[in-house]
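*Asks:* kindly return the folded structure for what I paste below:
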Amino acid sequence: MSFMKLTASVLAIAAVSATAATARDQVQVAGSSTVLPYSTIVAEAFGENFDFPTPVVESGGSSAGLKKFCEGVGENFVDVANSSRKIKDSEIEACAANGVTDIMEVRIGYDGIVFASDIAGNSFAFTPEDWYKALAAEVVVDGAVVANPYTMWNEVNPALPAQEIQAFVPGTKHGTREVFEVNVLEKGCEATGALEVLTAAKGDKKAAAKACIALRTDGRSVDIDGDYTETLARIESNKNGIGVFGLAFYENNTDKLQVATMSGIVPSTESISTGEYPVSRPLYFYVKKAHIGVIPGLKEYAVFFVSDDMAGSDGPLAQYGLVSDPALAETQALVASEGTM
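*Replies:* Numbers count the residues shown, from 1 in each chain. Take a look at the predicted model:
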């Protein structure tokens, strides 16, 4: 892409030259497939407008990216991890064990998780209860915990179409999966009363909560380990399929997909920014502070990413689908000062 309309403040960053010698002159980024398109847009604009090479951006999922990020310090290890969820305490501990101790957490904005199907198919109006009852390995029927017997959406909820249940959900290495589990499956499990029954049946609430997010393995729910393009391809080959996507991906594929409402709310940048849409999340990238001043352009890339030119409400990331962060100025100050967690 070409992004040449830069403000004077951003152009000033470009005037900064790298001073430290290193065997690697490209910033390396890995992680979330949700953050991938935003990071790619920034990386390409950075390479076109700054005196640094274009950063190398790879996907693979939030968990996989953070795992690579935490492997160590030095030019053989990635500089930035993209993530569609906050870093976990266990990951911070893994980082520390490998000498990665000063971590900058950078929130870039917000995104929604949407449920979309073939544009020519049935329309859906979902609730978290519907998804729990459709995909959980075990559900409660007549007060008893049983293996999920449902094969049709209208068996889950009579108001839904008489269409076979076939869902394509992000695999466990994706940050989107964790948000789906917490904001949809867990809430649906609790709202149906199943959590209480499962707690009694399993003997403790922790085991019950785990059962709430355990998905069926009979083919009705399929984990997608690739990115959203793989989910789209699955729907194109199975018109009954319903996929879990990031809002931005859906908005860039409205010629192929239709989106469902969740709890009566249509997902949009507006409904996410107001908090009305119930399945939304902040997006992040994490920077290895020890690499600043060693890997040329690393801090400049981070500053550029959260600049008004890129992450502001009128920037290219918002045009692609990112919901601009109302507290973007605070994030900009944090990055400028190299503040760590």
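
*Asks:* where do the helices sit along the stretch 1-150 of the chain?
*Replies:* Assigned by DSSP state H, counting those that start in this stretch, the helices in the stretch 1-150 of the chain fall at 8-14, 36-49, 62-69, 89-97, 128-135.

*Asks:* tell me what the longest one is packed against?
*Replies:* For helix 36-49, the contact count by 3 or more Cβ pairs under 8 Å, 6 or more residues apart in numbering; DSSP states H and E identifies strand 56-60, helix 247-251, helix 298-305, helix 308-311, helix 316-320 as packing neighbours. Using the backbone N, CA and C atoms, a C-beta is placed for each residue, glycine as well.

*Asks:* do the last one as well
*Replies:* Contact analysis of helix 128-135 by 3+ Cβ pairs under 8 Å, 6+ apart lists helix 153-156, strand 167-170, helix 187-191 as its packing neighbours.

*Asks:* could you pull up the mean pLDDT of it?
*Replies:* Helix 128-135 comes out with an average pLDDT of 98.

*Asks:* and the shortest one, by the same measure?
*Replies:* Taken as a whole, helix 8-14 has an average pLDDT of 52.

*Asks:* also the fourth one?
*Replies:* Averaging the model's pLDDT scores along helix 89-97 yields 97.

*Asks:* which residues are contacting it?
*Replies:* Residues outside helix 89-97 that contact it (Cβ atoms under 8 Å, 6 or more residues apart in numbering): 66-67, 69-70, 101, 103, 341.

*Asks:* hmm, which of those residues is lowest in pLDDT?
*Replies:* Among the contacts of helix 89-97, M341 has the weakest pLDDT, 93.

*Asks:* hmm, V106 and that one touching each other?
*Replies:* No. In terms of Cβ atoms under 8 Å, M341 does not count as a neighbour of V106; the distance is 10.5 Å.

*Asks:* these two - which one has more neighbours?
*Replies:* V106 (23 against 12; other Cβ atoms under 10 Å).

*Asks:* check contacts around the more buried one.
*Replies:* Per Cβ under 8 Å, 6+ apart, neighbours of V106: 284-287, 302, 305-306, 331, 334-335.

*Asks:* quick check, pLDDT for the residue most central in space within the chain.
*Replies:* In the chain, the centroid-proximal residue (Cα atoms, centre = their mean) is S84; its distance is 3.2 Å. Per-residue pLDDT puts S84 at 91.

*Asks:* can you check G275 too?
*Replies:* 84.

*Asks:* and for D102, the neighbour number?
*Replies:* 16.

*Asks:* apart from its neighbours in sequence, what residue is nearest it?
*Replies:* Nearest non-adjacent residue to D102, counting by Cβ to Cβ, 6 or more residues apart in numbering: K289, 3.8 Å away.

*Asks:* now swap in A248 and tell me
*Replies:* A248's closest residue in space is G321 (Cβ to Cβ, 6+ apart), at 2.7 Å.

*Asks:* again with V323
*Replies:* Using Cβ to Cβ, 6+ apart, the nearest residue to V323 is Y110, at 4.0 Å.

*Asks:* list the contacts for that neighbour?
*Replies:* Contacts of Y110 by Cβ under 8 Å, 6+ apart are 272-273, 280-283, 322-323, 325.

*Asks:* of all these, which comes closest to A209?
*Replies:* Comparing the contacts of Y110 against A209 with Cβ to Cβ places R281 closest, at 19.2 Å.

*Asks:* SS state for the closest one?
*Replies:* Secondary structure, DSSP: H, G, I helix; E, B strand; the rest coil: R281 is strand.

*Asks:* A208 is in contact with G193, isn't it?
*Replies:* No. If you go by Cβ under 8 Å, A208 and G193 don't touch, sitting 11.7 Å apart.

*Asks:* any low-confidence regions in the chain?
*Replies:* 1-23 (pLDDT under 70).

*Asks:* one more time with 50, if that's ok
*Replies:* 1-2, 4, 15-22 (pLDDT under 50).

*Asks:* still on that earlier bit, wait, which of the helices and strands packed on helix 36-49 is closest to D204?
*Replies:* Nearest to D204, of all those, is strand 56-60, at 34.4 Å by Cβ to Cβ.

*Asks:* partner strands of that closest one and their direction?
*Replies:* Applying DSSP bridges, strand 56-60 is found paired with strand 28-31 (parallel).

*Asks:* list of residues touching the strand it pairs with?
*Replies:* Contacts for strand 28-31 (Cβ under 8 Å, 6+ apart): 39, 43, 55-62, 64-66, 68-69, 78-83, 285, 295.
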